[in-house]
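> Got a predicted model here, sequence first, then my questions.
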Amino acid sequence: MNQETNIPVPVAELQASQLELVVSEKTIGSLTTNAIQIRELVKQALPRYDIANYSSDDVAKAKADKALLNKAQKTLNDKRIEYEREFMAPFGEFKDVVGETCKLIKEAVAKIDTVIKADEERTKAEKREQIERLAESCGLEELGIHLSKIWNDKWLNKSTSLKSVEADIKARMTNITADLETLKSFAEDYDVLVVRYKENLNLQEAVRYANQLKEQREAAARATEEDKTKDEAAKPEQAAQAEAPEKPEEQSSHHDIDNFEADAADAFADILGQSAGAPKVAEPVTYPRYYEIFAKDEQFKALEAWLTQQGLNFNLQK
């Protein structure tokens, strides 16, 4: 008993020479007509149909000539279209066949391209893993810097060697180390500045932030010094008031000021999510006082709205 076997028929590969277009017979411009003679005849006859040859008495003749010329023009153009279709029919068929063939080839190329791109992505993924291990061996993580902060897409190109990538990573690490050394000159704010710097590795931005912190501290120190000066200047008057008997009006005034400060403290605490207190309006002596408040954006907005509502002037220091 014979057993049938299915043997796959090998697909013949195309050769570039097989796809070279060959025209075995070609005749161009073999159409012979009297179109040129007709054109010359019309040119010679046109002066006869100049508008100078017509008047209001020749309306009937003008209509007849118009109809004659329109009919002649339409007949001539219709014949041109008819011959054009007949003449172009072979080329149209040839064009359709070539266009369909090119479309089939493009579809095959697109399918092959998916295989090529998949291999490219696999190769890039493998190289990315190699670069990650390379960055780890260079000690990038020990600096507290993630590879994504210094990543360069060109590293994944086939033309970029791992040796070149390693050189780039080490160069960036050298710059980062130098920047961190520079930030050590701002000893008081170093820890804060390092966190800020590692967000975008921008030394200039970190230095600007350091200067802002310094300016804020200096402003706070000046305000504190001014308060001390005022307190020193007020001591003789306070001593005299302490020796003199308290007047009921003064006690009431001091009591109002104390109540206002207590109410303001309750309002600050309420905005920051702590105990609530109803603010009371008083008229104390106006002087600056500086607070360092830690809160969320919405809490700061509520605080500023409350201050404005109370008629208090404040400056936001950045």
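Structure received.

> Helices of this protein, start to end?
For the chain, the helices defined by DSSP state H occupy 35-45, 59-138, 162-183, 190-200, 203-243, 248-271, 297-309.

> Now do the second one, average pLDDT.
In other words, helix 59-138. Mean pLDDT, helix 59-138: 92.

> Mind giving me the packing neighbours of it?
On a contact count with 3 or more CB pairs under 8 Å, 6 or more residues apart in numbering; DSSP states H and E, helix 59-138 meets helix 162-183. The C-beta positions use only the backbone N, C-alpha and C, and glycine is treated the same way.

> excluding its backbone neighbours, what's nearest Tyr197?
Computed as CB to CB, 6 or more residues apart in numbering, the closest residue to Tyr197 that is not its neighbour in sequence is Ala206, at 4.2 Å.

> so the one you found sits right up against Lys198, yeah?
No: look at Ala206 against Lys198 with CB atoms under 8 Å: they stay out of range, at 9.2 Å.

> In terms of neighbours, single out the busier of the two.
Set Ala206 next to Lys198 and count neighbours by other CB atoms under 10 Å: Ala206 wins out with 25 against 17.

> Run through the stretch 201-318 of the chain and note the low-pLDDT ranges.
Applying pLDDT under 70 to the stretch 201-318 of the chain flags residues 235, 237-290, 317-318.

> Arrange the helices of the chain in a markdown table, one row each, with distance to Glu13 as further columns.
Listed next are the helices of the chain as a markdown table, based on distance: least, CB to CB, whole Å:
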| stretch | distance to Glu13 |
| --- | --- |
| helix 35-45 | 50 |
| helix 59-138 | 12 |
| helix 162-183 | 36 |
| helix 190-200 | 54 |
| helix 203-243 | 59 |
| helix 248-271 | 79 |
| helix 297-309 | 67 |
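
> Show me the one of those that comes nearest Glu25.
Judged by CB to CB, the one of the helices of the chain that comes nearest to Glu25 is helix 59-138, at 10.2 Å.

> just the angle between the closest one and helix 162-183, please?
Relative orientation of helix 59-138 versus helix 162-183 (axes from the mean of the first three to the mean of the last three CA atoms, to 10 degrees): 80 degrees.

> so how far is Tyr83 from the residue in the chain sticking out farthest from the centre?
The C-alpha centroid of the chain is most remote from Asp57, which lies 75.9 Å away (CA atoms, centre = their mean). Using CB to CB, to the nearest Å, Asp57 is found at 42 Å from Tyr83.

> what about Ala219, how many residues close to it?
That count, for Ala219 with other CB under 10 Å as the rule, works out to 13.

> quick revisit: any idea how far the residue nearest to Tyr197 is from Asn77?
79 Å.

> now do Glu100
From Glu100 to Asn77 the distance is 32 Å (CB to CB).

> Then Thr123?
Thr123 is 62 Å from Asn77, by CB to CB.

> what does Arg208 give?
Plainly put, Arg208 is 77 Å away from Asn77 if you go by CB to CB.

> Ala233 too?
108 Å.

> got it, and Leu134?
Going from Leu134 to Asn77 by CB to CB gives 75 Å.

> the more surrounded of these two?
Leu134 (19 against 10).

> Can you give me the pLDDT of the nearest residue to the more buried one once chain neighbours are set aside?
Closest residue in space to Leu134, ignoring its immediate chain neighbours: Glu166 at 5.6 Å, by CB to CB, 6+ apart. You'll see Glu166 listed with a pLDDT of 96.
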